[in-house]
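[1] Give me a model of this one.
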Amino acid sequence: MHIAIAGNIGSGKTTLTRLLAKHFKWEPHFEEVVDNPYLDDFYHQMERWSFNLQIYFLNSRFRQIMQIRESGKKFIQDRTIYEDAHIFAPNLYAMGLMTNRDFENYSSLFELMESLVKPPDLLIYLRSSIPNLVGQIHKRGREYENTISIDYLSRLNERYEAWVHTYTKGKIMIIDVDHVNFVDNPEDLGNIINRIDAELNGGLF
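    You can find the predicted model right below:
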């Protein structure tokens with residue numbers, strides 16, 4: 001079984017992944033942030049490092065999906081391969097931060113990878129307002145994220161909403177994190193767990 005959590009920067013994906021993995025005894029797969037060799041460079045010089053970063057994430061996410069498929073275990077994944085291809089890379093291209101040549105190369109590679117993978121059994125999308133994202137980003141205090149602009153987050157949010165409204169690859173569950181505190185409120189986390197159980201046919205997966 002494969003569960004995936006999608007959402008903008010600062011929406012709470014990693015935290016919810018950890019909490020759900022602990023509750024359901026799923027094996028978590030996190031986004032590679034600490035060991036990512038491009039992330040810091042990217043946020044300081046986006047145009048120079050955008051293609052390198054997106055290829056790194058695409059490779060990392062594809063490897064995760066291959067491991068999930070081969071293991072036969074129950075996994076929960078922090079961010080999906082679809083977000084890279086439908087949100088982050090197109091956004092960088094639209095902002096003039098990725099060349100046409102690089103974007104076409106990236107898109108061609110993603111299409112090949114997509115043909116080899118299956119979508120998650122359940123996609124959980126964490127919907128958040130910009131003020132909430134900014135608050136969470138500042139709270140966790142990652143130095144390289146200090147340069148993220150409101151405009152960049154807003155563009156990503158618009159693309160997330162457009163993508164979610166056209167997502168047809170499988171089951172999707174939307175959580176409005178502006179009005180849910182699954183970190184400090186056990187009742188909110190319990191409600192999410194109950195919704196997931198219902199989506200997964202009463203926990204039959």
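
[2] Could you use CA atoms for every contact and neighbour count after this?
    Will do.

[3] can I assume Ile9 sits in a helix?
    No - looking at Ile9 with DSSP: H, G, I helix; E, B strand; the rest coil, it is coil, so not inside a helix.

[4] Surely it is in contact with Asn132?
    No - look at Ile9 against Asn132 with Cα atoms under 8 Å: they stay out of range, at 10.5 Å.

[5] more neighbours, those two?
    Ile9 (18 against 14; other Cα atoms under 10 Å).

[6] Quick check: the gap between that one and Asp40.
    15 Å (Cα to Cα, to the nearest Å).

[7] who touches Tyr160 in this structure?
    Gly7, Asn8, Glu83, Ile87 (Cα atoms under 8 Å, 6 or more residues apart in numbering).

[8] Contact partners for the third one?
    Going by Cα under 8 Å, 6+ apart, Glu83 touches Ala6, Tyr160.

[9] repeat for the first one
    Shown here is Gly7, whose contacts under the criterion Cα under 8 Å, 6+ apart are Lys13, Arg79, Tyr125, Leu126, Arg127, Tyr160.

[10] same question, Phe75
    Here Phe75 is in contact with Met1, His2, Ile3, Ala21, Trp26, Glu27, Pro28, His29, Ile68 (Cα under 8 Å, 6+ apart).

[11] could you redo the last one with a cut-off of 10 Å?
    1-4, 17, 21, 24-29, 64-65, 67-69, 120 (Cα atoms under 10 Å, 6 or more residues apart in numbering).

[12] Within the helices and strands, which one has Asn157?
    Element membership for Asn157 (DSSP states H and E) is helix 150-165.

[13] where's that helix relative to the chain centroid, distance-wise?
    12 Å (Cα atoms, centre = their mean, to the nearest Å).

[14] Would you mind listing the buried residues in it?
    In terms of neighbour count (16 or more other Cα atoms under 10 Å), helix 150-165 has its buried residues at Leu153, Arg155, Leu156, Asn157, Arg159, Tyr160, Val164.
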